[in-house]
Structure formats: C-alpha cells, structure tokens
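[1] Quick one, structure for this:
(chains A and B, ligands or ions: 1)
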Amino acid sequence: MAEENMMFIDPHIHMISRTTDDYEAMRQAGIVAVIEPAFWLGQPRTNAGAMLDYFSTIVGWERFRAEQFGIVHYCTIGLNAKEANNEELAEKTMDLLPRYASKEGVVAIGEIGYDDMTDLEEKYFHQQLELAKKMDMLVLIHTPHRNKKQGTIRSMDLCEEHGLDPSKVIVDHNNEETVEDVLDRGYWTAFTIYPGTKMGNERMVDIVKKYGTERIFIDSAADWGRSDPLGVPKTAQLMLQRGISKEDVKKVCYQNALDAYKQSGAMKEEDWLDRPKIDQSQTYGGNSVLRGGLEPFIEKEEPSEDDIIIE
Amino acid sequence: MPDTQTDIQAVRTTILSWLQSRLDEEAMEWIKSTSDKLIDGAEDWVFYSSFSAVPRHTGKENLSLSTKEKAKAKELRTGWSPSHWSIDDLGRTLLTLSIAEEQKDVFFEKLEKTFISSDIGEGIALYQSLPLLPHPNDLTDRAAEGLRTNITSIFNAVAHRNPYPADYLDDDAWNQMVLKALFVETPLYPIQNIDSRANKKLAEMLVDYAHERWAADRDVSPELWRSVGPFADEKIVKNDLKKVLQNSSKLHQQAALLALSDSPVESAKQLVVQHSSKLDQMRQNNIDWDYIGKQFEQDSL
Ligand SMILES: [Zn+2]
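    Residues are numbered from 1 along each chain as shown, chains lettered A, B, ... in the order given. Here you go, the predicted model:
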C-alpha cells in the first residue's frame, strides 16, 4: 500500500465495530495508531449503564485488541449529539464523563456537536465544552450531515464563547463548503474519507491541492456502516499518484493528526515506535483474540529501521 | 473482626514523604496540591479526573521501597506490604485517602463509582489500597467482587501481599479465593496468613478439586496441599498424600511431606518417620511452603 514504509494514523475510526481482519489489513497498510471517538452505535442506547460499558470497552478491551495487532489505540470520551436528545440518558452520561476523560489513552472530549441542532443538543454541547475547558482537554467536533455549513460555524462560535483555543479543537467531517471557514478561524480541519456521504478520496486530493497541508488531516471514520478502514492509506496512495509530494502526504496522513492530539499529553510518537512486541498468547480478562486452536502470532524481530523512518 | 482501621492522616504523610524522594518538583507539586484540594472538599470531577491522570504526572516506575520504608509500612498497618507497588499506585492511594474523611456514604459512593469505571491499572491501585481505607468492615463485598474477576492482575491485587482478605473475609469467601487462585493458576504463597486461615471445609474443597483434575489427567499445583495438611485425615493421607508422595516430580513429593508433617493423624506420622531423613534435608535447605510456591511458579513460566 502507498509507498513502502510509510506510517499512517487514522485519527477517527470506530474499531469497536470492525473485525480483526481489518486490524491486520490496517497494520499491513502502515497504520500505526488509531483514535476511536465515542459515538453512537446505530442502535440507540436506552440507559447510562450501556454508555458506561461502552466507555469501558473503548478504554479497555478495544485498546488491548488493537495492541494484539501492533496498533496503538486511543479514544475520545463524550456524549454524541443524537443521544443528547434522550435527556435522562444525557444527564447520567454527563456524570460519567469526568470518570473516563482522564484515563490512559483518552485524547479528547468528543465527538460532540450537532445532529438536528435541537435545544437539547445545544445544552449538552455547551456543558461538554465547559467540561473540556475546566479539565483543560482537547475537543473533537462532529459536524452535522444536514445543514453542515451553518452547524459548523455555530459549533465554532460555541467553542469561542467558552474560551477554547481553536488550536485545541479538531473540527471533523469537513467538506469543500466548510474548509475555508474552519481553516481561517485557526481550527484543526479534518476530513472523513467515507464512501458516498462524506468525502471521496478524489475530492480530497483536490482539497489538498487547493488548500495545502497546514492543519489539515484525514480519517476514515469507518464504523458499522459501509465504510473503508483503509481510507487513510488508500488516499495517501492516490495523493502520491496525483503528484502530491511525499512530505505533504505525510503531513495530512500522519503528522498533523499527531501534532493535534499530542497536545493532550496522552498520545506520543514513542507509543508506537517503542511499542511492545505483538504477543497474541496474551489475554485480557481471560479473553483472547484467538479462536479454536489458532496459533498465536508472536512478533520476534525488532522492527527494522526502515519500518520506523518516514522519508 | 480485627480493629485495623488505619490512621489515614499518618498514612498520607508517609506516602507524601515516599513520593517526595521519587518525584521531580513539578509532579510533586501536582500531587500535593491535588491532595490538598481534595481534603478541602473539591468538586467531584476533580477526584475522578486526577485519580485517572496520576500516571501522566508520576510515571509508572516500581517503588522499590527501602528496608526502613517497608518497616514503616508494617508499622502503619499490619501486613501492609507495598514494595511491589508502582509509583502511580501510591499516588492514586494518596488521592483516595484524601477523600476518605468525607462522610461515609459520600466516600463510598465515589469509591464505588471509581471501582465500576476503573481500567486495569486503576483497579489494581484500588484493590491494593483496601487495607488502608476507612470502614474496612464494609468493603468485603467489594473485595469479593475483585476476586470474582477473570483479570488475573486484579485478582492478585486483592489476594496477594494484601492483609485485607485474611483480616476481613469470612471462611466462605476466603475458601473461594484460595480455590480460585488455583483455577486461574496464580500462586498461593503470596496470600497473607494462608496457614492461619486454613480450615476443614477448604481442605475438603481442595481435595475434591485435586480429584477432578486427576480424573481429567491433569496435574495440580503442589501448593494445593498447603491448606490441606492440618486437616488431612486418615482417608486423605491414604488416598491422596501417599499418591502425591509417589509423584515423579521432586517438588510434589516435598509438598506431600510438608503436608503430612502438618497432619495430626497416625498414618501421617508414620510416613513422616519413614521419610525423616528427607525432611531433615529439606529443613536444612530451607525448603518450606514458600519455597515450593516460588519454585513451582518459576517452573511454570
Ligand atoms: Zn465518528
């Protein structure tokens, strides 16, 4: 995939709904780290206990599962816009957030923002920005599918109202309509390569050609829908083919996401450069990623220097 | 139940002094001021978020306590043995103790919430701190919950090098703990007061378990016989310990001899006499239950 030995970060992917085949393919394609933003699961949760277990899974089991395939897993913790409309659930989830937001591997409050732009969405958006402010955390904003441009602008207005520094906020799911405003106002500007509804990667190539690479990065947002966990490396390859320099591809597919999220203090390059060797004979709470007599893969070799260096 | 309620203020002062000699100024300032804020009744989120954030400030080095520090620990709480703790465990315990003087129900609510949403590192720190917490008689359900987990490192945080189980668990919970340790193949020798808490019911459970394993053509840990010995009757001696004595592994034979020498029954005494030279040799080489446990642990790695 793409150039040999390039490293990629997928800074927005819902691995909880992906398979181990995906992890394997992602590792082979050069993905070294992923961020799993807390989001809804398709099936709405009916009580806060479900949210507690979900948060525990993304800071616990999913982190372990990724490690078993040589990928470092981070996450963000937040109440999503859709579920903010269930007030009882939302209230109790707000109570959970401080218990998860500082855990190991948690890089931001997110993904939060608007869906229908209802009053309840706005209420919990406010509360979560306030929490991020007092906990001194980064924020990941999910911009709405409908009424995207207005929703994006209003999201940024809200962040500023709460005194958040734009350099500590990542605005995701941008498109041609929103990119200029978000860049101009100093926010990290993320794009989701998601078939059909969000961005195809050909459009992404054009955006990078037009707007450059400063504060721009891409992700797959792959989830339980028809989506592609190789969105980042595939787009990197397309960019290279379409004449974007390797240095620029590295920024958009690796470095900028790292620069944005390492501000959290919970993510650093050494996490994957010095990660422990893969040992699939390990278990997490007695559970293993292996099934019925499969041989555990145990990584022996030191990663060669070529694996680490990005030219 | 013993009155082993710790002097929380004294433990906090000691922990702070241990941290002082291990942390840089910035980390020390963070943990000290956070602890002060919590003692003064900071908002709830401050406790949750700082409890999680401890390793980011302190790192995760092993404590490796000095002999003097170890002695101090035992002086503060009988059996408290934090020498295997890491520095973030210690920091987390300090923060937990900083809210420990809140009203009982308030403290318990926060503690329980922290337990329920803990990740593995946090769970280990919490369970290790059980013997230091206030109202220890009300923490037995929590301890039992920790022993029910499948995560061996959490199980060990309750069972191993921790005075809480021996001091507060009733016989049924104690027996479950010992049996479960064998099930999850974690050693018994780090369980404090394992000998003084041995009981007849446990001995029977252990023998049944050995039979089950043998029927499935599987071995059992030689440590199993440690809690059986004092309650080994004629039947156990004849059917079981004799058999272990004939095991091809020296470690199992040694375990059988130790168990037999603890048994009060006549047939055991005869066997001990028959093997007296072997037992003498074992004594000379300090081959006791702890040695057998450690050796077996090493061999199984
Ligand atoms: Zn998402």
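[2] Now for residue B:281, how many residues are close by?
    Counted with other CB atoms under 10 Å in any protein chain shown, the neighbours of residue B:281 add up to 12. C-betas here are computed from N, CA, C, even on glycine.
[3] Now do the same for residue B:198: helix, strand or coil?
    Secondary structure assignment for residue B:198 (DSSP: H, G, I helix; E, B strand; the rest coil): coil.
[4] Let me know the pLDDT of it.
    You'll see residue B:198 listed with a pLDDT of 97.
[5] quick one: low-confidence parts of chain A?
    A:1-4, A:196-199, A:284-287, A:291-293, A:300-311 (pLDDT under 70).
[6] All the helices of it, residue numbers only.
    For chain A, the helices defined by DSSP state H cover A:20-28, A:48-59, A:61-67, A:81-84, A:87-100, A:119-135, A:148-161, A:179-184, A:201-211, A:231-241, A:246-250, A:256-262, A:270-273, A:305-308.
[7] want to throw those into a markdown table with distance to the ion and mean neighbour count?
    Shown next, in a markdown table, are the helices of chain A (distance: least, CB to the ion, whole Å; neighbours: other CB atoms under 10 Å in any protein chain shown):
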| stretch | distance to the ion | mean neighbour count |
| --- | --- | --- |
| helix A:20-28 | 15 | 17 |
| helix A:48-59 | 12 | 19 |
| helix A:61-67 | 14 | 20 |
| helix A:81-84 | 11 | 22 |
| helix A:87-100 | 16 | 19 |
| helix A:119-135 | 15 | 18 |
| helix A:148-161 | 15 | 18 |
| helix A:179-184 | 17 | 17 |
| helix A:201-211 | 17 | 16 |
| helix A:231-241 | 12 | 22 |
| helix A:246-250 | 23 | 17 |
| helix A:256-262 | 14 | 21 |
| helix A:270-273 | 22 | 14 |
| helix A:305-308 | 29 | 12 |
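[8] closest one to residue B:114 among those helices?
    helix A:87-100 (7.0 Å; CB to CB).
[9] Quickly check: that closest one near chain B or not.
    Yes: Helix A:87-100 comes into contact with chain B (CB under 8 Å from any CB of the partner chain), by way of A:96, A:98-100.
[10] in the stretch 151-300 of chain A, what residue is nearest the ion?
    Of all residues in the stretch 151-300 of chain A, the one sitting closest to the ion is residue A:221 (4.8 Å; CB to the ion).
[11] And for the stretch 201-301 of chain B?
    Closest point on the stretch 201-301 of chain B to the ion, by CB to the ion, is residue B:301, at 42.3 Å.
[12] Near that residue, how many other residues are there?
    Neighbour tally, residue B:301, other CB under 10 Å: 4.
[13] cool, residue A:145 as well?
    What residue A:145 shows, counting by other CB under 10 Å, is a neighbour count of 12.
[14] Can you list phi and psi of it for me?
    When read as degrees, to the nearest 10, the backbone of residue A:145 gives phi -70, psi -40.
[15] Distance check, it against the ion.
    Look at residue A:145 and the ion: by CB to the ion, to the nearest Å, they are 12 Å apart.
[16] Kindly report the same for residue B:60.
    Counting by CB to the ion - residue B:60 and the ion are separated by 31 Å.
[17] Confirm for me that that residue is in contact with residue B:86.
    Yes: applying CB atoms under 8 Å as the test, residue B:60 and residue B:86 come out as touching, 5.0 Å apart.
[18] about what we covered before: just the pLDDT at the residue of the stretch 201-301 of chain B closest to the ion, thanks.
    73.
[19] Go ahead and confirm the residue of the stretch 151-300 of chain A closest to the ion touches residue A:15.
    No: contact criterion CB under 8 Å: residue A:221 and residue A:15 do not qualify, at 11.4 Å.
[20] Same drill for these two, tell me which one is more crowded.
    residue A:221 (29 against 24).
[21] phi, psi of whichever residue of the stretch 151-300 of chain B sits closest to the ion?
    The minimum distance from the stretch 151-300 of chain B to the ion, using CB to the ion, falls at residue B:151 (28.8 Å). For residue B:151, the backbone dihedrals (degrees, to the nearest 10) come out as phi -90, psi 110.
[22] how much space between it and residue B:125?
    14 Å (CB to CB, to the nearest Å).
[23] Between these two, which is the more surrounded one?
    Neighbours per residue (other CB under 10 Å) separate residue B:151 from residue B:125, with residue B:125 holding more: 25 against 19.
[24] so that one is in which element?
    Here residue B:125 sits within helix B:120-128, counting by DSSP states H and E.
[25] Output the contacting helices and strands for the helix or strand just after that helix.
    Following helix B:120-128 in sequence order, the next helix or strand is helix B:140-148 (DSSP H and E). Here helix B:140-148 touches helix B:104-116, helix B:120-128, helix B:152-159, helix B:164-168, helix B:171-183, going by 3 or more CB pairs under 8 Å, 6 or more residues apart in numbering or on different chains; DSSP states H and E.
[26] Include distance to residue A:133 and mean pLDDT when you put the ones you listed into JSON lines, please.
    Below are these laid out as JSON lines (distance: least, CB to CB, whole Å; pLDDT from 0 to 100):
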{"stretch": "helix B:104-116", "distance to residue A:133": "23", "mean pLDDT": "96"}
{"stretch": "helix B:120-128", "distance to residue A:133": "25", "mean pLDDT": "96"}
{"stretch": "helix B:152-159", "distance to residue A:133": "34", "mean pLDDT": "94"}
{"stretch": "helix B:164-168", "distance to residue A:133": "40", "mean pLDDT": "97"}
{"stretch": "helix B:171-183", "distance to residue A:133": "45", "mean pLDDT": "96"}
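[27] Indicate which one of these is closest to residue A:108.
    Nearest of the helices and strands packed on helix B:140-148 (CB to CB): helix B:120-128, 19.8 Å.
[28] so that closest one versus helix A:48-59, what angle?
    Here the directions of helix B:120-128 and helix A:48-59 differ by 110 degrees (axes from the mean of the first three to the mean of the last three CA atoms, to 10 degrees).
[29] quick one, helix B:120-128 and helix B:152-159 angle?
    Using the same axes, to 10 degrees, helix B:120-128 lies at 10 degrees relative to helix B:152-159.
[30] circling back: and the helix holding residue B:125, how far out from the chain middle?
    13 Å (CA atoms, centre = their mean, to the nearest Å).
[31] Check stretch A:10-25 too.
    11 Å.
[32] residue contacts, the nearest residue to residue B:265 once chain neighbours are set aside?
    In space, residue B:265 comes closest to residue B:234 once its chain neighbours are excluded; the distance is 5.3 Å by CB to CB, 6 or more residues apart in numbering or on different chains. Contact partners of residue B:234, counting by CB atoms under 8 Å, 6 or more residues apart in numbering or on different chains, are B:265-267.
[33] Would you mind measuring from residue B:234 to residue B:84?
    The value you get for residue B:234 to residue B:84, if CB to CB is used, is 41 Å.
[34] Pick out the residue of the stretch 1-150 of chain A closest to the ion.
    For the stretch 1-150 of chain A, CB to the ion, closest residue to the ion: residue A:39, 4.4 Å.
[35] Could you verify my assumption that that residue touches residue A:112?
    No: with contact defined as CB under 8 Å, residue A:39 does not reach residue A:112; the gap is 9.9 Å.
[36] which residues do those two both contact?
    A:80, A:142.
[37] Residue B:272 contacts residue B:280, doesn't it?
    No: counting by CB under 8 Å, residue B:272 stays clear of residue B:280, with 11.0 Å between them.
[38] More neighbours: which of these two?
    Set side by side, residue B:272 and residue B:280 show more neighbours around residue B:272, with 17 against 10, by other CB under 10 Å.
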